[in-house]
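Enquirer: here is my input; please provide its structure:
(2 chains)
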Amino acid sequence: MSLGPIGFAAPWLLIALAALPVLWIILRAVPPSPIQKRFPGVALLIGLDDDDSVTDRTPWWLLMLRMLAVAAVIVGLAGPILNPQTAVEETSGDPLLIVLDGSWASARDWPEQADLLDGLLAEANRAARSVALLQLSNPEPPVFQTADTLRNRLAGLSPDAWSPTAGFMTDAQDLLPDGPFETRWFSDGLSREGRTDLLAALNARGSVTVHESAVPVIALTPPVIEDGDIVLTAIRAGTGASREIVIEAHGRDPSGSIVLLANLPLTFEADATEATGVLSLPAELRARLTRFEVAGQRHAGAVTLTDDSLKRREVALIAGREDREGLELLSPLHYLRQALEPSAEILNGSLTDVLPANPDVVVLADVATLSEAEGAALLDWVDRGGMLLRFAGSRLAASDVSRTEEHPLMPVRLRAGGRSVGGAMSWGEPKTLAPFTEQSPFFGLDVPEDVTVSAQVMAQPDPTLADRVIAQLSDGTPLITRKRIGAGQVVLFHVTANAEWSTLPLSGLFVQLLERLAVSSAIDLPTLEELAGTTWQPVQVLTGFGNLEDAGTLPGVDGARFLEDTIGPDFHPGLYEGPDRRLALNVLMTGDRIAPVAWPATTTVVGLDRPSETPLGGWLLAAAMLLLAVDVFASLALSGRLAPMRAARASGTTAAMVALALVFVPAMSGAQQDDGTDKALHAVSEVVLAHVITGDKAVDDAALAGLRGLGETLFFRTSVEPSDPDSVNLETDELSVYPFLYWPITENQPIPSDEAYLKLNEYLRTGGMILFDTRDANVAGFGASSPNGRKLQRLAAPLDVPPLEPIPPDHVLTRTFYLLQDFPGRHTGRSVWVEAAPPDAEQVEGMPFRNLNDNVTPVVIGGNDWASAWAMDSRGNPLFPVGRGFAGERQRELAFRFGVNLVMHVLTGNYKSDQVHVPALLDRLGQ
Amino acid sequence: MSETAQFRAKAEAEAARLPPLLARAEHLAGTVLLGEHGRRRPGMGDDFWQYRPVQPGDELRQIDWRRSGRSDTQYLRQTEWQIAQSVTIWVDGAASMRFSSDPGNPDIPEKAERARVLALALAILLNRAGERVGLAGTDLPPRRGEPQIERLAQGLSSDDAADYGKPDTNGMLAHGRALFVSDFLGSIEGVRDALTTAADRGVQGIVYQVLDPEEEMFSSFRGRTIFKSMGDTLTHETLKASDLKVRYLERLDQRKYELEELCRRTGWLFGRHTTSNSAQEALQWLYHAFDGEYRG
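Expert: Numbers count the residues shown, from 1 in each chain, chains lettered A, B, ... in the order given. Below you'll find the model as predicted:
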């Protein structure tokens, strides 16, 4: 039985729907059960009758909800199926030829194609038709065999990264077997030479059905560098509505793994086949790019690999004087380094060391003489295309280089001594730059007013000088000169590379000049002459799906093919390694366009979709469950049990709701994280004392109770009103939220990890205080012989603790709240250690105490077991006995006073050292 | 022996509750600074008032020798007269006071707890001002001094089994002052009797009603509900609790009006407090009410 596109597996079950009205009446008669509430105001309620009994019955919408749930269950159990497949396609008995384009453009729809193909083969198998397969991107003679045999081979089929060329089409045409057969052609939708001929040949042998996706293929052409930005162009087969795509730029992160570095959204305007966008990336990032990809396309045409053309230039910096002793800003290379670092790879080392690395540019800053071997090697390197950039300086000016005759590695002859203008001992103003001429490579750059030159080396007038000047001063003297040597060039800046002789290195123009000189910009593509005769070895090749695979044993290819040949089975797209660089070969070249196939009107073109059966039963049953869950809440709300969140904070209702919410939102699993955050939040919102968890339960409990007692004392005696104390795990908890940590020492507590020590040191440096308590009355004095003392030494060794001293009688701790002279806890040990006073602290005449440290002492160390003296239970009764009788209570009181003073010291710092209070304190001290 | 031990254990448990109550009350009382309470005339008291030349009839030992040594005449040192009044406190300990609409929330304590803290804090303040404070009933007559506060704390800590409380006028000293703290949700007759009796004896004071916010708002009840009093003696069932709100609030207003009216006729003062509000504010009001600030 079926209703429209929906059929039922067990239609008889639907009769149960007739029982729904009965259920309605039954459900309606049962009112919601009451809840019981305690309420003293009931005395006022006695005698108040209800106006009506409307809610006696279940409201209609709740009934409706339940009816719907029951109906959904009934219908769901009846087994509804969307698009039941009853009709078997009509088939002829002819054999079946399956033609696959198998190009990169098929890769996107490959899973759908494979499904459809599988279905076709299954049908062919049922109809006992023999089937043959022909993949145009790699044509082989088709052999008719049973559909099952072919079906087993399906998993091994994959699209190729290239397209079938016209030659392949002709080959395929020749390979076609005779005799009538039906053809199914899985097209990639791109127009290609030879397609029409092949179609005609196939039509001659039997009917042809074309399967093709209606969604146009989108591809990406290689990036073009324009003005230092990357221009990306995406193309699509066929026009259509406007569409947005995203280009993803992948590259290596600093650790070397491939990550997404940037996104570039592009928009195909309506009826446009091309979308262009500019990606502006910092040079560092650009150099790390490895590939661009159209997001979500997943085929080789949507991927374009990058090669050395986006790489950074290597620049070797060599200075004449490396006086590291001097100021950094006087370093001859400082400004060059600053200018080049963002855009180039900088090589350091001596000239003989860096030249074999074949840098793109060598910079000589104020290097006058080179040894003969160095000079020869450098000249050879420049001759082979290197760029030598020289800067003048006092050494060059003082030397005889290029004086009488032109040095091969200098663009001009130099006059002796150079000149200086605008200095204290010379006439005239500092010179400014003249605008750049049209012949200059710097033509078009703006010359800032504030670039001035106060000293330079002077070029000797020569017949060749005029050609070699590429920048000059306002009075016409050459500032930058250039000479070509073989394939390379030498450029001389007649000023220093630092700001000694001119302000040029301080200006933005300096960076622009370097860019124009190609010191910091990209490399051009190799020319045909350079490529001819070279052999390039494939390193990684692209698959049809756009993934990179190891090239394995693929043979090397001739360099000339890169500019002439198209990709194919023996010329894979991918990354190739040549003599000195890498080349990327992409599926599409810059300027390539793709177009949709125009099939003749007589050809049947079908999409790749196949209507498939969808059982709906599960969805209906799930909907019924959902409705019943809603019903739970609705019923609760109706009977008043779904109390407002405020009132139901700790009640079971919340727990039930949370449990239900968890059932439906399994992704909510951040409960553990919340714990730590809550703790920190609590500590941030109030003053919270904390102790370090030692792992010994008795000690931890005593410490917590002690801090509670201290907190209560503070609460009643001072304006510090601490909240409940916390126990702190050094490894996991945030420390910075606690002003004060109490750290009882036990013999076997674990040593914290390095990360914990990092946190602790950070804590101590930023004003936190730790009270170490060895709890052994300091019996051995502050030394090594008590076990807890030894443990303390080991625990505190990695801590950033300043020098300590026994607390001096004038320390601020003795008077932050109470005036104290000793600091007993449960024991009355002798000394308590705090940060040592600075050695220059001296008592001023007439002052009761010295002006000591400006900070809170980061640690206080003692052994008087203060926590036990402070410890209180929740009712304020002391937990541990202290001393005997009244003297003991006095000792406990002093312990509390010490705690109060300590917390006051933590919270107010050296406030009590403030001299303002001296008279009052003097007055009290005198008594 | 075992009976004694049991009694001792119970007493310890009871006593353990005292310090927190006392402490909270002390802390609360600490927020109020005492103002001037002297009577501005010489008499019995602690504070210095004036030196007066010796007159015939003064005893020799009253002479202030330090002052007299500085001049030729002899002087007496007089202190400021401070009148002590007797204040009788009754705090409702009935079951209805042990209600809190949000038991887990420290901001909304049980009514009884708030009432006790307020009463004790007031007692501490009055004690400091030199008044004598006692509890209604015959157990604890008004006295002065620190130990009295401890006894008051103990007396206030006892619970009453009855569902709703009724003011106790026993032991009330004539022409003294009194404070009744309760939710006054029970029968109004008891309050009327007590106030009339008190007025007959010339006692004046404050009727202080402490209510839970839920009792004031009646906002969280919906649907079919059975209301029970705290002692289970009264029940009321409704099918639609939210419908009762308006009429309940009317009755509550009526009750407040009755109390106010009653107070007006007997010359007492009527105050209200909701437990969700701050105790400090309530204490200020009570203290000033006793000080006579709001009187006429």
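
Enquirer: what about the residue of the stretch 651-800 of chain A at minimum distance from chain B, neighbour count?
Expert: Ranked by Cβ to the nearest Cβ, the top residue of the stretch 651-800 of chain A for proximity to chain B is residue A:716, at 6.3 Å. Just so you know, the C-beta spots here come from the backbone N, C-alpha and C atoms, and that holds for glycine as well. Residues lying near residue A:716 (other Cβ atoms under 10 Å in any protein chain shown) number 13.

Enquirer: same thing with residue A:152?
Expert: By other Cβ under 10 Å, neighbour count at residue A:152 equals 9.

Enquirer: other SSEs contacting whichever strand or helix holds it?
Expert: For residue A:152, the element it lies in under DSSP states H and E is helix A:147-153. Helices and strands touching helix A:147-153, by 3 or more Cβ pairs under 8 Å, 6 or more residues apart in numbering or on different chains; DSSP states H and E, are helix A:110-126, strand A:130-135.

Enquirer: would you mark the buried spots in the next helix-or-strand element following it?
Expert: Per DSSP H and E, the first helix or strand lying C-terminal to helix A:147-153 is helix A:166-175. For helix A:166-175, the neighbour count (16 or more other Cβ atoms under 10 Å in any protein chain shown) marks A:168, A:169, A:171, A:172, A:173 as buried.

Enquirer: how far does helix A:166-175 sit from its chain's centre?
Expert: With Cα atoms, centre = their mean, to the nearest Å as the basis, helix A:166-175 stands 49 Å off its chain's centre.

Enquirer: orientation of that helix relative to strand A:130-135 in degrees?
Expert: For helix A:166-175 against strand A:130-135, the angle by axes from the mean of the first three to the mean of the last three Cα atoms, to 10 degrees is 160 degrees.

Enquirer: for helix A:166-175, name the packing helices and strands.
Expert: The contact analysis (3+ Cβ pairs under 8 Å, 6+ apart) places helix A:166-175 against helix A:195-205.

Enquirer: next one: the helix it packs on to chain centre, how far?
Expert: 53 Å.

Enquirer: any idea how far the residue of the stretch 651-800 of chain A closest to chain B is from residue A:364?
Expert: Residue A:716 sits 78 Å away from residue A:364, going by Cβ to Cβ, to the nearest Å.

Enquirer: please apply the same query to residue B:54.
Expert: Going from residue B:54 to residue A:364 by Cβ to Cβ gives 112 Å.

Enquirer: what helix or strand does residue A:220 sit in?
Expert: Assigned by DSSP H and E, residue A:220 belongs to strand A:218-226.

Enquirer: before we move on, what about residue A:537?
Expert: Going by DSSP H and E, residue A:537 is in strand A:535-542.

Enquirer: what's that strand packed up against?
Expert: Helices and strands touching strand A:535-542, by 3+ Cβ pairs under 8 Å, 6+ apart, are strand A:548-550, strand A:557-558, strand A:574-577.

Enquirer: ok, the shortest one: who's next to it in the sheet?
Expert: It stands for strand A:557-558. Paired strands of strand A:557-558, with direction, are strand A:535-542 (antiparallel) (DSSP bridges).

Enquirer: please save the CA atoms from the strand it pairs with in PDB.
Expert: Output in PDB follows, covering the C-alpha atoms of strand A:535-542 (Å, rounded to 0.1, in the frame of the first residue of the first chain):
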ATOM      1  CA  THR A 535      65.900  17.000 -16.100                       C
ATOM      2  CA  TRP A 536      63.300  17.400 -13.400                       C
ATOM      3  CA  GLN A 537      62.500  14.700 -11.000                       C
ATOM      4  CA  PRO A 538      58.900  14.400  -9.700                       C
ATOM      5  CA  VAL A 539      58.900  14.600  -5.900                       C
ATOM      6  CA  GLN A 540      55.200  14.500  -5.200                       C
ATOM      7  CA  VAL A 541      52.300  14.100  -7.600                       C
ATOM      8  CA  LEU A 542      48.700  15.100  -7.400                       C
END
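
Enquirer: may I see the buried residues of that strand?
Expert: Going by neighbour count (16+ other Cβ under 10 Å), the buried part of strand A:535-542 is A:536, A:538, A:540, A:541, A:542.

Enquirer: chain center to that strand, what's the gap?
Expert: Per Cα atoms, centre = their mean, the centroid offset for strand A:535-542 relative to its chain is 31 Å.

Enquirer: over to stretch A:454-463?
Expert: Chain-centre distance of stretch A:454-463: 52 Å, with Cα atoms, centre = their mean.

Enquirer: then stretch A:151-160?
Expert: 37 Å.

Enquirer: helices or strands up against the biggest helix by length in chain A?
Expert: When chain A is parsed with DSSP state H, its longest helix is helix A:885-908. Counting contacts by 3+ Cβ pairs under 8 Å, 6+ apart, helix A:885-908 is packed against helix A:697-717, strand A:740-744, strand A:769-773, helix A:866-870.

Enquirer: quick one: it to helix A:697-717, angle?
Expert: Going by the same axes, to 10 degrees, helix A:885-908 makes 80 degrees with helix A:697-717.

Enquirer: thinking again about what came up before, make TSV from the buried residues of strand A:535-542 and add distance to residue A:911 and pLDDT to it.
Expert: As requested, the buried residues of strand A:535-542 are exported to TSV (distance: Cβ to Cβ, whole Å; pLDDT from 0 to 100):
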residue	distance to residue A:911	pLDDT
A:536	76	83
A:538	75	87
A:540	68	86
A:541	73	87
A:542	71	86
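
Enquirer: count the neighbours of residue 133 for me.
Expert: All of this is about chain A. 21.

Enquirer: correction: the question concerned chain B.
Expert: Neighbour tally, residue B:133, other Cβ under 10 Å: 28.
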